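# Give me a model of this one.
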Amino acid sequence: MQNLTILKFAHTLILGLFALGICSCANKEKVPHDPVKNEFMAYTQKFESVKEGDRYLGVATYLNPTMPEIRNEREDEFFLLTSYPKEIEIKNVRVNGSDENVSVELIADESELASKEVFKIAWSNRYKISAPKTQKDDLVLSFTTSNDLNASVKFRKVSKSMYWHPKLKLDD
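Predicted structure coming up:
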């Protein structure tokens, strides 16, 4: 009976030391709060299709509210589209159903715009898409892929989100 009690005590002690070791090795460094990344996420949508032997992922970000430096004098609408896998191309890009004056530019992985990307997806293509300004509150970015998928993502267009306070410094 006494051996059983000692065995239970030793087991509890070993388990406690193991838990203490795990906790002491944990990284105590705080992750800094990044309001720009939060804002990018608020304007990011995804389209995903998974079929047997055929997978596609498109992640699009509406850039106008989060990147004032990208705006031009015509006040065009700008998007960043990441398309995975790289072998699948996009075509027939439309914004709110129109392809008139829609421009699609393949951008390099090392470009400044690609560095702003919230979700880094390896083995994918990145496109900068621009379209003429629209007065509608909703923007629908739609396109067809080279494997005949009809993709569509919808964004709510507002001048600034209620969470956007770039001058606010938060204590982490």
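
# residues contacting the closest residue to residue 49 other than its chain neighbours?
Nearest non-adjacent residue to residue 49, counting by C-beta to C-beta, 6 or more residues apart in numbering: residue 56, 4.7 Å away. Backbone N, C-alpha and C define where each C-beta goes, glycine included. Contacts for residue 56 (C-beta atoms under 8 Å, 6 or more residues apart in numbering) come out as 47-49, 83-85, 88, 145, 147, 149, 151.

# So which residues of this structure form strands?
44-51, 54-62, 77-84, 90-95, 103-107, 125-131, 138-145, 150-156 (DSSP state E).

# Need the residues that contact stretch 135-145.
With contact meaning C-beta under 8 Å, 6+ apart, stretch 135-145 is reached by 56, 58, 60, 62, 77, 79, 81, 83, 88-97, 129, 150-158.

# Recalculate using a threshold of 7 Å.
Contacts of stretch 135-145 with the rest of the structure, by C-beta atoms under 7 Å, 6 or more residues apart in numbering, involve 56, 60, 62, 77, 79, 88, 90-96, 129, 150-157.

# which of those residues count as buried?
Among the contacts of stretch 135-145, the ones that count as buried by 16 or more other C-beta atoms under 10 Å are 56, 60, 62, 77, 79, 88, 90, 93-95, 129, 151, 153, 155.

# Adding pLDDT and distance to residue 12, write these out as JSON lines.
Formatted as JSON lines, the buried ones among the contacts of stretch 135-145 follow (pLDDT from 0 to 100; distance: C-beta to C-beta, whole Å):
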{"residue": "56", "pLDDT": "94", "distance to residue 12": "52"}
{"residue": "60", "pLDDT": "94", "distance to residue 12": "53"}
{"residue": "62", "pLDDT": "93", "distance to residue 12": "55"}
{"residue": "77", "pLDDT": "94", "distance to residue 12": "63"}
{"residue": "79", "pLDDT": "95", "distance to residue 12": "58"}
{"residue": "88", "pLDDT": "94", "distance to residue 12": "56"}
{"residue": "90", "pLDDT": "95", "distance to residue 12": "60"}
{"residue": "93", "pLDDT": "97", "distance to residue 12": "63"}
{"residue": "94", "pLDDT": "97", "distance to residue 12": "65"}
{"residue": "95", "pLDDT": "96", "distance to residue 12": "64"}
{"residue": "129", "pLDDT": "96", "distance to residue 12": "61"}
{"residue": "151", "pLDDT": "95", "distance to residue 12": "56"}
{"residue": "153", "pLDDT": "95", "distance to residue 12": "54"}
{"residue": "155", "pLDDT": "93", "distance to residue 12": "55"}
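
# Alright, that wraps it up for me.
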